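**Student:** got a predicted structure here, sequence first:
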Amino acid sequence: MKKRSQAVASQQRRQVIKGSVAALGLASIGLPSISLAQNKPIRIGMPTILSGRVAMLGESSRNAAIMGVEAFNAAGGLNGRMVELVIRDSKGRPDEAARVTRELVNSDGCDMILDAEASSGAFAVHEVARDLGFLVIHTCSETSSLTADPKMRIPNGFRAARQGVHDAIVGGEYAGGVAKEKGLNRWMSISPDYSYGLDTTAEFFEYLKYFNKDVEVVNSVWPKLFQADYSEPITRLLQGKPQAIYSCLWGGDLTSFIDQASIYGLMKDRQFFGVNMADYAVLTAIKAVPPNIHSGNRYLKSIPKTAQNAAWCDAYVAKFKTMPLNWSWENAVGIDFMLAAIKQANGTDTAKMSEALKGMTIKSPFGTDGTITMRASDHTIIDYAIAWGDLTTKEPYMAKPNLGNWKTVLELEKLWMKSKGYIS
Amino acid sequence: MDSEALLDCVTSLSCIVTQTSTGLIVGSLLFLVATGLTLIFGVLGIVNFAHGSLYMLGAYIALSAFRITDSFILAAVAGALGVGLFSLFFERFFMRRVYGADVLMQLLVCYAFILILDDAVKIIWGSEFQSMGMPAYFQEPPVFIAGGVIPVFYIYLIGISASIGVGLWLLLSKTKIGKIVRAAAVNPSMTSALGLNTSLIFAGVFAFGGALAGLAGALAAPVRSMSPGMGFSILIESFIVTVIGGMGSVSGALVGALLIGLIRSFGSIGFPYFIEGIMFIAMAIILVVKPSGLMGKETR
C-alpha cells in the first residue's frame, strides 16, 4: 500500500514536472509567438532604381517614403504595430523589377508593394500584382494607360503619380495661350525615343492644337534616351526654323540638351516648352537657364504656394541635405495613401485596403486645395497641383504659375478616354 | 527615310557647313577616346573594356577641379592627369596580371572595374546627374560661315583634338620614344632583349591611353551632363570607330571617328530614325570589303 502510494506520488510528481515543463515551453515559445504576431511590423516592399543613370529616381523616392513611414510610426503606427520599408534595387530593368517584387512578397514577407519604378518596370510589377494579388501603389509611372486602360486595371492596383494626359491638357492650354499671344504657329519637338516621349509629345500637341487651331507641327526629333551628344538633333531643329519647341526630355538628358542648344544659339528668339524643366535637379544643374523657357511644375516648393508644402520641403531638405524632386512628392502621396488604407482597413487585408482606397481623399501638401483624391473609377489620383509658367533663374523659379483647372482637365480627359475606347 | 531633306541639305551651303562642322565635333571627342583604346590594343594587345569608365572619371575629376579653380584649362589638365595616374595604377596592379590571359579573364577584370568606378563615382559625387556648365569665356554667340552655324566652344574642341592627333602622329613616327613604342608593339621580347624596359613602356602607353580618355571626358564636361555609368555609350561608339579604322591604328581611329561623325550628322537629316543602323551597316560593309579595317594591317 505504501509502495502504491509512493508510486502514485511519484507519478503525480512526474506529471507536475511534465506539466511545468510544457507550461514553461509554451510560455517561452507559444505565448510570445502570439504576442509577436500581434506586434509584427507591417512590411511594405519598395522596388525602385538605386543604381545606374537614374539612381536619383530611387533615392528621391526612397527618401520621401521613409519620411512618411517615420511620421506614421512616430504617431504610434497601427495600434502599436510599426511599419517597415523593405527597399530593393531593380537596376532599372523591368525583368529585375518583377523578380525583386516577387521576392519581396514571397521571401521577405512584405504585405504590400509601393512601386517606385519608372514606366517600363511599373508595367512589369503590375503584372506580378495581378498574378499574386497583393496591394500595389505605383508612384513613378506617369504613362496614362497604366490605369486609364481598363484592360490594364486590376482591383488591387493603384497609381499615386501625375498622369501624362493631365500634364498635356494643362500644358496644351497654357502653351496654346502663349502661342496665340506671341503668334507662335510653327512648332517642332525634341523628345526621347521611347514610349513616354512618344506618348507625352503626341498628347501635348493634341491639346495644343485643341486650344490653338493655328498651330502647325512641322517636324519632330527623337534622340535616344541617355544620348550624350545632341549636336545632330540641334542642327535638325535649326534647319526646321521653328518658332517654338516642345520637349519632354528629362533629367541629365534635358540638361545636356539645354547646355548644347545654348551654344548653338537655338534658344535665341525662340520659345521653349519643356515639361520637365521645373524640377530642382535640372534647375540647379543648368548654370544659366536661358530666357524664353516655359515648363510644367515637376516639383517646386512654391507650387502649390502653401505653408504645408513649404514645411514638407524644408523637412525633406533638413533630413536628406538635398532638394526633393518630382518623384519625391509622388512617393510621399503614395505612402500616405497606403498608410491611410492600412488604418482604414485596420490591417493588411488586400481586399479591405483596396476598397478603402477607392475614392479616398487625403490631406496632402501637394493638392490644389490641400487634398488629393484616389479616383474610384480608374484608381488614379486627381486634384494634385499642376502648373505651367515661364521660368526664372532663381527661387521660386516660376514666379507666376498658371495652375491647371481640374474641371477642364476632367472634362477633356473624359473625351480623351472615349477617343481611346477606354470608356463608352 | 527623308531623301528630300537630305537633298535639300547637300545642295545648301549653309546646311553643308552646319552638318560638316557637327560631324567634326562628334568625331573629335570620339577620336580622343578611340585613339587611346586603339593605342592600348596596338601596343599591349589587350582590349580595355573599362575605357568608357576612364572617360567618365575624367569628366568627374574635371568637374571637381573646375569647381575649385574656376579654370577650364586646369580642369581639363586635371581630368587627363588624374585618369592617367589612375590608369597607371590600374595597369600596374591589375591589367598587367592578365596580359596574355584568356580574353574572358581580361573582360572580367575590366568589368569589375567598371562596376567599382560607377559605385565610387556615386559615393564621391552622388547619384544625381551633374553639370559643369559652359565656362564664361566660351559663352559667345556661335560663328556663322556661309549661313552655317558653328559654336565657338566646338571650334576650340576641334582644334585641341586636331592638335593631339598631329602631336601623336609626330610622337609615334618621328621620335625615339615612338620608335621604342612601335618596337615594343611588334616584338616585345626582342625589345626587352635589347635592354629596354618593356614593362615600363606598357605601363606608359596604358596611362597615356587612359589620359586621352580622361581628357575627352573633361573636354565634354561643359556640354554633357555627368552621371554614374555614362561611359558605356561612348565605349560602344569607340569600339565601332576602332573596328572601322583598324584595331591598333591611330590614323585609323581618326578616319573612323570622322566617318562616324559625318554619318551621324548627315544621317540625322536623311535617315533620322535609322542613324544607329547606318553606323553598324557602315561598319559591316567596311569589314566585308577590308576585314582589318580601313587603316589596319592585314594579318596572316
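**Tutor:** All right, it came through fine.

**Student:** quick one: list the elements packing against whichever helix or strand residue A:206 is part of.
**Tutor:** Per DSSP states H and E, residue A:206 falls inside helix A:195-211. Packing partners of helix A:195-211 (3 or more Cβ pairs under 8 Å, 6 or more residues apart in numbering or on different chains; DSSP states H and E): helix A:119-132, helix A:164-182, strand A:186-190, strand A:216-221, strand A:244-247, strand A:271-279, helix A:406-420. C-beta here means a position set from N, CA and C on the backbone, and glycine is covered the same way.

**Student:** need the contact partners of it.
**Tutor:** Residues outside helix A:195-211 that contact it (Cβ atoms under 8 Å, 6 or more residues apart in numbering or on different chains): A:119-120, A:142-145, A:164-165, A:167-169, A:171-173, A:175-177, A:179, A:187, A:189, A:191, A:215, A:217, A:220, A:222, A:225, A:246, A:248-249, A:273, A:275, A:412, A:416.

**Student:** and it, which residues are buried?
**Tutor:** Using 16 or more other Cβ atoms under 10 Å in any protein chain shown as the test for burial, helix A:195-211 gives A:196-197, A:199-201, A:203-211.

**Student:** and for stretch A:70-83?
**Tutor:** Residues A:72-73, A:77-78, A:81, A:83 are the ones in stretch A:70-83 that count as buried (16+ other Cβ under 10 Å).

**Student:** dump these into a markdown table; add secondary structure as well.
**Tutor:** Converted to a markdown table, the buried residues of stretch A:70-83 look like this (DSSP: H, G, I helix; E, B strand; the rest coil):
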| residue | secondary structure |
| --- | --- |
| A:72 | helix |
| A:73 | helix |
| A:77 | coil |
| A:78 | strand |
| A:81 | strand |
| A:83 | strand |
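
**Student:** what's the closest of those to chain B?
**Tutor:** For the buried residues of stretch A:70-83, the residue nearest chain B by Cβ to the nearest Cβ is residue A:83; the value is 25.4 Å.

**Student:** from residue A:112, how far off is the closest one?
**Tutor:** The gap separating residue A:83 from residue A:112 is 10 Å, by Cβ to Cβ, to the nearest Å.

**Student:** now swap in residue A:399 and tell me
**Tutor:** 41 Å.

**Student:** the two - which one has more neighbours?
**Tutor:** Counted by other Cβ atoms under 10 Å in any protein chain shown, residue A:399 and residue A:112 do not tie: residue A:112 has more neighbours, with 24 against 12.

**Student:** which residues touch the more buried one?
**Tutor:** Contacts of residue A:112 were listed using Cβ under 8 Å, 6+ apart, and they are A:44-45, A:134-137, A:338, A:348, A:350, A:353.

**Student:** I'd like the helices and strands packed on helix A:195-211 laid out as TSV, including distance to chain B.
**Tutor:** Output for the helices and strands packed on helix A:195-211, formatted as TSV (distance: least, Cβ to the nearest Cβ, whole Å):
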stretch	distance to chain B
helix A:119-132	17
helix A:164-182	22
strand A:186-190	11
strand A:216-221	7
strand A:244-247	15
strand A:271-279	11
helix A:406-420	25
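
**Student:** of the contacts of helix A:195-211, buried ones?
**Tutor:** Among those, the ones that count as buried by 16+ other Cβ under 10 Å are A:119-120, A:142-145, A:164-165, A:167-169, A:171-173, A:175-176, A:179, A:187, A:189, A:191, A:215, A:217, A:220, A:222, A:246, A:248-249, A:273, A:275, A:412, A:416.

**Student:** got the buried residues for stretch B:123-141?
**Tutor:** For stretch B:123-141, the neighbour count (16+ other Cβ under 10 Å) marks B:125, B:127-135, B:138 as buried.

**Student:** can you lay out the residues you listed as TSV showing pLDDT, secondary structure and distance to chain A?
**Tutor:** Output for those, formatted as TSV (pLDDT from 0 to 100; DSSP: H, G, I helix; E, B strand; the rest coil; distance: Cβ to the nearest Cβ, whole Å):
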residue	pLDDT	secondary structure	distance to chain A
B:125	92	helix	12
B:127	79	coil	4
B:128	79	coil	4
B:129	85	coil	3
B:130	87	strand	7
B:131	87	coil	4
B:132	91	coil	8
B:133	87	coil	3
B:134	88	coil	6
B:135	89	coil	9
B:138	86	helix	7
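
**Student:** helix, strand or coil for residue A:298?
**Tutor:** strand.

**Student:** would you confirm that it contacts residue A:254?
**Tutor:** No: Residue A:298 is beyond contact range of residue A:254, at 10.5 Å (criterion: Cβ atoms under 8 Å).

**Student:** need the residues touching each of these two.
**Tutor:** Common neighbours of residue A:298 and residue A:254 (Cβ under 8 Å, 6+ apart) are A:276-277, A:282.

**Student:** which of those scores worst on pLDDT?
**Tutor:** Among those, residue A:282 carries the lowest pLDDT, at 90.

**Student:** quick one: that residue from chain B, how far?
**Tutor:** From residue A:282 over to chain B the distance is 9 Å, taken as Cβ to the nearest Cβ, to the nearest Å.

**Student:** tell me which element that residue falls in.
**Tutor:** Here residue A:282 is assigned to helix A:280-285, by DSSP H and E.

**Student:** any chance you could list what contacts that helix?
**Tutor:** Contacts to helix A:280-285, defined as Cβ under 8 Å, 6+ apart, come from residues A:56, A:250-252, A:254-255, A:276-277, A:289, A:298-300, A:323-325, A:391, A:397, B:128-131, B:225.
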